[in-house]
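In: With the sequence up front, the predicted model follows.
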Amino acid sequence: MLQNLYDKLWQSHVVHEEADGTALIYVDRHLVHEVTSPQAFEGLKLSGRKPWRASSIVATADHNTPTNFWERGIEDPVSRLQVETLDANIREVGALAYFPFKDLRQGVIHVIGPENGVTLPGMTVVCGDSHTSTHGAFGCMALGIGTSEVEHVLATQCLLQKKSKTMLCRVEGKLGKGVTAKDVALAIIGRIGTAGGTGYAIEFGGSTVRALSMEARMTLCNMAIEAGARMGFIAVDDSTIDYLKGRPFAPEAEQWDAAVAYWRTLHSDEGATFDCVFDMRAEDIQPQVTWGTSPEMVVAIGDKVPDPASEKDQARREGMERALHYMGLEANTPITAIAIDKVFIGSCTNSRIEDLRAAAKVVAGRKVSSAVKLALVVPGSGLVKRQAEYEGLDKIFRAAGFEWREAGCSMCLAMNADRLEAGERCASTSNRNFEGRQGAGGRTHLVSPEMAAAAAIAGHFSDVRDLL
Amino acid sequence: MDKFVRLEGLVAPLDRANVDTDAIIPKQFLKSIKRSGFGPNLFDEWRYMDIGQPGEDCTKRPRNPDFLLNQSRYQGAQILLTRKNFGCGSSREHAPWALLDFGFKAILAESYADIFFNNCFKNGILPIVLTAEEIDVLFAQALAAPGYTLIIDLEKQVVVRPDGKSLSFAVDAFRKECLINGWDDIGLTLRHAEKIHAFEEQRRAEQPWLFA
Ligand code: SF4
């Protein structure tokens, strides 16, 4: 029988199935960070249970670690307690790998997994974090889970799941200059909406997707969750295998060959069907900028802020009005006329070396506008940071007026000191523009790293293609 | 986990679509390492006029009189009535913890975000899906009648309105059984421990690189 990739991934992990279709799915890799794990470890201990397979755990501290003045440690007592609690839990329970605060390999959990080769094709990867979908770039079933599920996985190595419906998101053609995987993701969400993928596992395919680098694929899969999907993934091909070869935790020697032989089967069979197919042309995608408080509120850089008056659906119109009010924007304002206060280049969506290279290319030889109060570059991991410094990217950013920080989630969710003040407007390469996401009252516009760099230079949104 | 069999409770109508988990419990409260005590910060940004901090005594904070949970007619509400795509956004389980800690035991909406929906069951909250028309009528009735209560009978899978009309709803048989018995997922899963071991051993033999 013809199977799509999701069918294969699902079938190879079912341990047990209830009559109603609820299945126990075996978990290969459990990624752990400080925010969603303490209650799970606490629950495990309270019920007198032991972790099933501690060697499936890879952990790091990322969400509320500071990105500067590391010599001072973590000054916020609450953040420090969470990080220390993770240290203590991992010490007690064990793990395959732990990259604690200040470790060279510490970083955003979704950056360090692939980087170290702990995310491998065909795995189930879970993490108490919605952007776990990122790992789907490697042809795995990567699921964000809640803290009770973290405890469940710790105790049983399984997850209770029902099979999702499948959607094929097919993008064909060649992306234009200055158009990135982030723009593809935002354009898709703009079309299908933030609930468009609800109940679905999305496979991204088509010539455009196949031409993307692994890092760009991670950006795309990362945003699948913003389309409401349970997960997003991409078939294994040469790019996947080339990326993994030689990574610290990737298999070696004969095991590598056996693994590659298996990984080569991880694609949808020719002619396999999906519950739904969504098609898009690469040529139709322009650099994107969100204007509202949901990732689906997005337009191309050459467009204007939409006018609620032209929206017929009352609920949608009210949502648009509320968003415009929160964002402090007038309908019909050209996107390029929106001035910004801050710039954030970072997050598990766009903080990998290729993102930093692309942004640096735009920034090189230019200056951050004097109207911009703060422009931050936060590498996704210590290793990304080191690589960027080796290539001299830090110097380019610093010379232009950017701050160059230590790795972490930082202003993506503002749990540390990096945040927006009320009313401040930010060009951000992160993934969520919800009210208050980057600080209470803060206004977030989601863009690609290149577009964030262009906005930093201009002091307002501008078309990066004019700078390339 | 507490058992959920039948509930007769006061309804609080929150007339917004796409309420995200950031709104349900703002991120500054995620820093706690406990799983209880989030109730006073439920809907914090809408409920209070200032910006709340973890560990702050909420009884002294200025309240937004327009927000429904600050109105006397909704005190003690156990059923939250809301619109579509409730619980979207971050996967934080603090959202159902906060709802539960506040006293909500059931939610009625047109649809939910997946992870939030799952998290509710795991914490003994029943998220019920009704049609847009049914939700509209409930909003109209709840707003018109102070003290508006509903009966939720999980066994029969119905929501009974004060006018006697009952609205049936769907729920997975397995989830229903767990709620009714107050079973926790882990205990249930560990009944299959041998099967898990067997699966694991076979996997280790076939794909040893996964067990490095
Ligand atoms: S960078 Fe942002 S989205 Fe990614 S894991 Fe950290 S907080 Fe979550």
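Out: Sure thing, it's come through.
In: Now do the same contact list for the closest residue to the ligand within chain B.
Out: Proximity of chain B to the ligand (C-beta to the nearest ligand atom) peaks at B:S90, 7.6 Å away. C-beta coordinates here come from the backbone N, C-alpha and C atoms, glycine included. B:S90 makes contact with A:130, A:413, A:432, B:20-22, B:27, according to C-beta atoms under 8 Å, 6 or more residues apart in numbering or on different chains.
In: That one should be in a helix, yeah?
Out: No. Looking at B:S90 with DSSP: H, G, I helix; E, B strand; the rest coil, it is coil, so not inside a helix.
In: what's the longest strand in chain B?
Out: If you go by DSSP state E, chain B has its longest strand at strand B:6-13.
In: What strands line up against it, and which way round?
Out: Using DSSP bridges, the strands paired with strand B:6-13 are strand B:79-81 (parallel), strand B:149-153 (antiparallel).
In: which residues sit against the shortest one?
Out: Which is strand B:79-81. B:7, B:9-14, B:99, B:104-109, B:135, B:138-139, B:142, B:149-150, B:152.
In: which parts of that strand are buried?
Out: For strand B:79-81, burial by neighbour count (16 or more other C-beta atoms under 10 Å in any protein chain shown) applies to B:79-81.
In: now those residues in a markdown table, with pLDDT?
Out: Output for the buried residues of strand B:79-81, formatted as a markdown table (pLDDT from 0 to 100):
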| residue | pLDDT |
| --- | --- |
| B:I79 | 98 |
| B:L80 | 98 |
| B:L81 | 98 |
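In: Report all helices and strands that the worst-scoring helix or strand of chain B on mean pLDDT contacts.
Out: Within chain B, no helix or strand scores below helix B:185-190, which has a mean of 88 by mean pLDDT, DSSP states H and E. Using 3 or more C-beta pairs under 8 Å, 6 or more residues apart in numbering or on different chains; DSSP states H and E, the elements in contact with helix B:185-190 are helix A:147-156, strand A:158-161.
In: circling back to that earlier point, including distance to B:K165, could the strands paired with strand B:6-13 go into JSON lines?
Out: Output for the strands paired with strand B:6-13, formatted as JSON lines (distance: least, C-beta to C-beta, whole Å):
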{"stretch": "strand B:79-81", "distance to B:K165": "15"}
{"stretch": "strand B:149-153", "distance to B:K165": "11"}
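In: Look up how far chain A lies from B:A198.
Out: 9 Å (C-beta to the nearest C-beta, to the nearest Å).
In: ok but that residue is inside a strand, no?
Out: No. Under three-state DSSP, B:A198 falls outside any strand and is assigned helix.
In: re earlier: which elements pack onto the helix or strand following the longest strand of chain B?
Out: Counting by DSSP states H and E, the next helix or strand C-terminal to strand B:6-13 is helix B:21-24. Packed against helix B:21-24, as judged by 3+ C-beta pairs under 8 Å, 6+ apart, are the following elements: helix B:94-102.
In: Report all helices and strands that the helix it packs on contacts.
Out: helix B:21-24, helix B:114-122.
In: Give me the mean pLDDT for that helix.
Out: Per-region confidence: helix B:94-102 scores 94 on mean pLDDT.
In: just the angle between that helix and helix A:147-156, please?
Out: Counting by axes from the mean of the first three to the mean of the last three C-alpha atoms, to 10 degrees, helix B:94-102 lies at 110 degrees to helix A:147-156.
In: from the chain's centre, how far out does helix B:94-102 sit?
Out: Counting by C-alpha atoms, centre = their mean, to the nearest Å, helix B:94-102 is centred 7 Å from the centre of its parent chain.
In: Same question for stretch B:21-40.
Out: Worked out by C-alpha atoms, centre = their mean, stretch B:21-40 lies 14 Å from the chain centre.
In: one step back: got the buried residues for the longest strand of chain B?
Out: Using 16+ other C-beta under 10 Å as the test for burial, strand B:6-13 gives B:7, B:9-13.
In: ok, is the helix or strand harbouring A:A142 in contact with the ligand or not?
Out: According to DSSP H and E, A:A142 maps onto strand A:141-144. No. Strand A:141-144 is not in contact with the ligand by C-beta under 6 Å from any ligand atom; minimum separation 9.3 Å.
In: In the lowest-mean-pLDDT helix or strand in chain A, which of the residues would be classed as buried?
Out: With mean pLDDT, DSSP H and E as the measure, the helix or strand of chain A carrying the lowest mean pLDDT is helix A:38-46 (a mean of 89). Neighbour-count burial for helix A:38-46 flags A:38-44 (criterion: 16+ other C-beta under 10 Å).
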